[in-house]
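Q: Next input, structure requested:
(2 chains)
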Amino acid sequence: MTTRKSGERDTLLQGTLDLLVLRTLRAGRRHGQGIARAIQQTSDDAILVDHGSLYPALQRLERRGWIAAEWGTSDNNRKARFYELTAAGSRQLAREAGRWRRLVQAVARVLGPDGARG
Amino acid sequence: MEPTGKRRDEEFSREIEAHLELEAARLESEGLPASEARAAARRAFGNVTSVRERFYEARRWRWLERLRLDAAYAVRGFRASPVFTVTALLTLAFGIGFNTALFSLLYSLGVRSLPVPEPERVATVFQVFSGRVDRAVNGSVYMLAWNEYLAQRDQNRTFESLAAHAQTDATLGGERAQPARVTLATCNYFSTLRIRIALGRGFVADDCARSGGAAVAVLSDAFWRSHFGADSGVIGKVALLNQLPFDIIGVAEPGFGGTEVLANDLWIPVTMQPALARGRYDQLVQEMSWLNVTGRLRPGITESKAAADLTIIARQLDSQHPGRETRVLVQHATFGNNPEIRQRGGIIALGVLGLGGLVVLIACANLMNLLLARAMSRRRELGIRLALGAGRGRLIGQLLTESLLLSVAGGLAGLIIAERFPRFIIGLLPMTGLQLDLHPDLGILGFALLTSVLAALAFGLAPAFRATDLSLTSALRNEGVGSHGPRGTSRLRGVVVAVQMGGSTLLLVLAALFVRGMQRVATLDPGFATRGVIGVSLNPGELGYDSARVQAVYDALTPRLAALPSVESWTLASKLPFLGRSSTPVLAESPRAGGEPTSIQSDFLEVSSNYFSTMSLPIVRGRAFTAVEAAAPGDRPVVVSETFARRAWPDLDPLGRHFRLGKAAFVVTGIARDVHNVSLGDPDAPFIYFPRAASGLGDDLGTTIILRIGGPTSGVTEGISALVRQVDPALALRLETIEERLALVALPTRLAGMLSGLFGVLALGMAVIGVYGVVSYGVSLRRREIGIRLALGATTRSVTGLVVRQGITVAGLGVGVGLIVAAGASQLMRSLLFGLSPLDPAALAIVIVLLAAVASIAVLAPARRAARIDPAVTLREE
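A: Sure, this is the predicted structure:
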C-alpha cells in the first residue's frame, strides 16, 4: 500500500464527515478506528480522516439518534465501542446523500465541461 | 439513559484508548515496530487532550459548571478589589431595594390575596353604573346596597357563599371612652372566609334576623389581647359600643384582622346597623352603596363567569331604575379591589414604579460607569487571558457572570431595605393598624430577582463587550492613547453620565415642585379663614342621646367655649372643610317657566347663619340666611356658590330661585364666592350651604363647633377639653385645626417630595462623581495633545475652555433631556401640586441653578488640572 504525501490529500468540507460516517455504517457495524480506515480505503486514500475530529462527530451523530453504540470485541479480540446505523440515521443518509449529489452536479455545471483547464 | 458527568468522561477516554490500540495494531500488522506503531497512532490522532476538551465542551450541563467556575473567579476578583465591590453592592442594594420596597407596598395592597384560608377562590363584588344614577353613598358608589346584596346572595349560581360587610368607627364605652373599629358583617362572614373562631362561637343565621338582630360581638385576637388581657373568661361579658351593650360571643383566630386594610377590632351582625347608629339612619332599607361584598366561588368557576352571572341579577334590579345600567365586577380578593382605589391607585402606582425604575436606572448608570473604569484597569488582565487563548465570548460570559453575581447579591441586600423602608413610610401615615403584609413572598422575591437580572444586563452588557474589544498588543503594553478601546469607552461613559444627570434632574425637579406644592398649601388661600380655626367635634348622637339631650349638650357647651378669652367668634357646621366629601343631587327649577327641572350633583355643608362671617367667607350677592328665616316654616333659605348658580340658572339672577331636595324646597338668599371646601387647589364644583338640619339628609352629618381663635391655637386645647368634661364626661372629644387638616392634605405631597428629594440628592451625588470621572479621564487621555497645544502657544484659558466644553456638553445634554422628561412627568403629578403649574418657574430655576453650580465644580477641577499641565513634562513622557 502506497502512502501519498499529506499535501495531496483533500481536506473535508464542513459536514461531509457526518455523511461519510453514515454511509460507511450502512455496510454494517464498526468501531471508530474501523470507520476511519474504511473511509480512507474506500476513497483510495484520497480522504484522510482526522482521528481527532472523528470522535466528536460520532458523539454528535449518536446524540441526534442517527447512530447507536455499544461496547463489543474487535476481530483481533480487543474491546472497542461499535457503532450502528439507526432507522433515523438511514433516512438522514438518504437525505444528505441526495443533497450532496445535487450540490456536486451544480458545482460541476458552474465549472463547465472543461473545468480542469481553468 | 444518558450516562452522566464523570462516567461519560471515563467512557470517552476508554474509547480513545481503544482506538489508539487498534490503530497501533494495524500499523504493526503493516510492519512497523511495536513502539513506533504506538507513537504513530498517537500522531495520527492528533491532540488527545484537545479532543477530550471538545467532548467535554459539548456536554449539556457544561454551562452550569462554567457558571460555577466563573462565579468562583468573580468572587476572587471581588475580594481583590473590596472598595469597588462595596460601592457596587451598596449602589445596587439601594437601587433594587427601594424599587422592591415601592413595589411591595403596591403588591400587598392590590395583588396579594386576603389573609384567609384557601384565598384562591375568594373574590370581591363591586358594581359599576352607567347612565342615570342617583343613589346615596356611604363609602364609595361601587359598593352594594342591602337589597342588592340580598338579591345577589339568593339568586347567584356561581358562589358557594356570599358575605357582606362594612367597617365603621364606634365609641367603645367603659372607664374612658375610646374609638374602636367595628365591622358590620353578615352572619355568614366567618364561614364564607373559613375563619376559625378560636374561642366561643361565631355568628349564626339567627343573629342576623332582620328585626333588631342580636346584640352580639366577635373580637379580633389582637383586640382581645390588648383590651381584655387575653382573658379566656371574656365570653358572655358585655362590650359597650356607642353606649349600646353587646354580648361578646367569640374571639376570631389569631392573625385575622378583617378584610379591610385597617385592622378590625370587633365584628357585629350587619342587622345591628340601625341600632349602632342609634336609630338615626337605617341603611338596611335605604338604597345606599355601603356594603363590601366578598364571596367564595364554587370550584371551577372563574371570576368572569361569576361576573356575568351577577350582572344578570343586577340588570333585573335596573328595571326599577330606568336609564341605569349596572355591570358587576368580580375580582380575586385583595385589600385594594374597590375600583375607586384601583383608579386612583393606577396613577399612583405608575408614579411610584416610575420613581423606583428611575432609581434602579440611576444605580445602573453609576455601576456601568464603575465597570467601565474597572474594565480599563483590567485591560492587562483581559489582554493576557485573550492572548492565552480565551475566546471573547467566554470572557464576555465571565464578565456578565460577575455583573449578575453583584446584582443578585445587591438585590438580596436590598431585600432588607425592601422590608424596612415601607414600614418607615407607613409610620409617616396618619392612620394606625394598617395590616399590609410586606413579607417577601415569591411575587416580591421574583420581582427583586427580575430587577436584579435586568439591572445586571443593563449595566454589565456594554462594559463586557467594551472591555473585551481589545487590540492585544496595546492592551499588553498597557497603552491607553491611540487604541480604539478607551476613546469609545469615554464616549460611552459620557452617555452614561448624561443619563445620570438626566435622572437626577428629573428627580430634583419633581422634588422642587413638591416642596413648592407644600409651600403653596401653607400660603394658598382657599377663600376662607384657615388660621386660628379649631373644629370641636363631639359624639352625643353616638351615645344614644335623644335630640333634646344633644341640643342641651350644645346649649351648655357653646356659651362656655365662646367665653374662653382667646375665642373671637364661633359657629356651627356639619364639619370642617377638607374633611371628606358630602354630596347630593338636587333638582333646580328650570330657567324657563314651565321647563323641566335640572338635576345638579352638589357638595354641601350644613352651617349656622353666622358661618359666613366667622369663616370670613364672602357673600358676593344677596345675603346669608338668618337664624329666624332658617327656623321659619315654608321654603328653607340657602346660600349657593357662584358655580352652582351658573350651572343651574345661567345668565339669570339666581336670587330667589328654588331647588328641591327630596320633599323639601329651598330658596336662594345669597351667592357665596367659589372657594376650596373639598380639595385645596381645585375650586369647588357646585356647592350648597344649607341651614343646620335643613338638608333632611339625616342627623348623621354631625355637628362641629367651629371656634375662631385670636392668638396661637396651641394653648387653647386644654381649656376646651376641661370645659367638655365639665359638661358631660361621657363625651369623646375630637379637636382639629384647619391647619392640621391642611398638613394631612399635604401629606402625599410631602411624602412624594421627601422620596424624590432623597433619591434626587443621592442621584446627583453619583452623577457629579460621574461627570468628574469622565472629564478627568478625558483630560488624562489628552495630556499629550494639551501639552502640545500649550507648547505651541495656546493660552491656559483656551485649554480650560476645551475641557469645560466637554464636561458641559455631557452634563448639559443630560440636564436638557431630564428637564423635558420632568415636564411630562410633572403633568401626571398635578393632583399633588395644589394648582401649582407643573412648569413652575421658581422650582425649575432652583434646580437649574443647583445643577449648574454642582456640574461646574465637577468640571472645573479637572479643567484647572489641564491648564496646569507642563508641556515640557508631558512631551518627554513618551
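
Q: Could you use CA atoms for every contact and neighbour count after this?
A: OK.

Q: Can you give me the neighbour number for the nearest residue to B:Y281 once chain neighbours are set aside?
A: Leaving aside its chain neighbours, B:Y281 sits nearest to B:P274 (6.0 Å; criterion: CA to CA, 6 or more residues apart in numbering or on different chains). B:P274 has 17 neighbours, counted by other CA atoms under 10 Å in any protein chain shown.

Q: Starting from the helix or strand harbouring B:P274, tell me the next helix or strand along the chain.
A: Assigned by DSSP states H and E, B:P274 belongs to helix B:273-276. Next helix or strand after helix B:273-276 toward the C-terminus (DSSP H and E): strand B:288-289.

Q: The helix or strand following that following strand - contacts with which helices or strands?
A: Counting by DSSP H and E, the element after strand B:288-289 in chain order, helix or strand, is strand B:292-297. Contacts defined by 3 or more CA pairs under 8 Å, 6 or more residues apart in numbering or on different chains; DSSP states H and E place strand B:292-297 against strand B:122-131, strand B:159-172, helix B:189-193.

Q: and of those, who's closest to B:S574?
A: Each of these was scored for nearness to B:S574 using CA to CA, and the closest is strand B:159-172 (17.5 Å).

Q: quick one: buried residues of that closest one?
A: For strand B:159-172, the neighbour count (16 or more other CA atoms under 10 Å in any protein chain shown) marks B:159, B:161-167, B:170-172 as buried.

Q: How about residues contacting the helix or strand following that strand?
A: Where DSSP H and E defines the elements, the next helix or strand beyond strand B:159-172 is strand B:178-185. Strand B:178-185 is contacted from outside by B:163-172, B:263-273, B:732, using CA atoms under 8 Å, 6 or more residues apart in numbering or on different chains.

Q: again, only this time at 6 Å
A: Outside of strand B:178-185, the residues within contact range by CA atoms under 6 Å, 6 or more residues apart in numbering or on different chains are B:164-172, B:264-270.

Q: Give the buried residues for it.
A: By neighbour count on 16+ other CA under 10 Å, the buried set for strand B:178-185 is B:180-185.

Q: which among those residues gets closest to chain A?
A: B:A185 (65.6 Å; CA to the nearest CA).

Q: For beta bridges, what are the partners of that closest one?
A: Note on B:A185: beta-bridge partners B:H165, B:P269, judged by DSSP bridges.

Q: The residue nearest to B:L429 when sequence neighbours are not counted: neighbour count?
A: Closest residue to B:L429 apart from its sequence neighbours, by CA to CA, 6+ apart: B:L747 at 8.0 Å. Counted by other CA under 10 Å, the residues lying close to B:L747 total 17.

Q: burial count for residue 113?
A: If you meant another chain, say so; for now it's chain A. Neighbours of A:P113 (other CA under 10 Å): 9.

Q: Wait, chain B was what I had in mind.
A: Residues lying near B:S113 (other CA under 10 Å) number 21.

Q: what do you get for B:L605?
A: 22.

Q: just to revisit the earlier point, and the buried residues of strand B:178-185, which is closest to B:G812?
A: For the buried residues of strand B:178-185, the nearest to B:G812 is B:R181 (54.7 Å; CA to CA).
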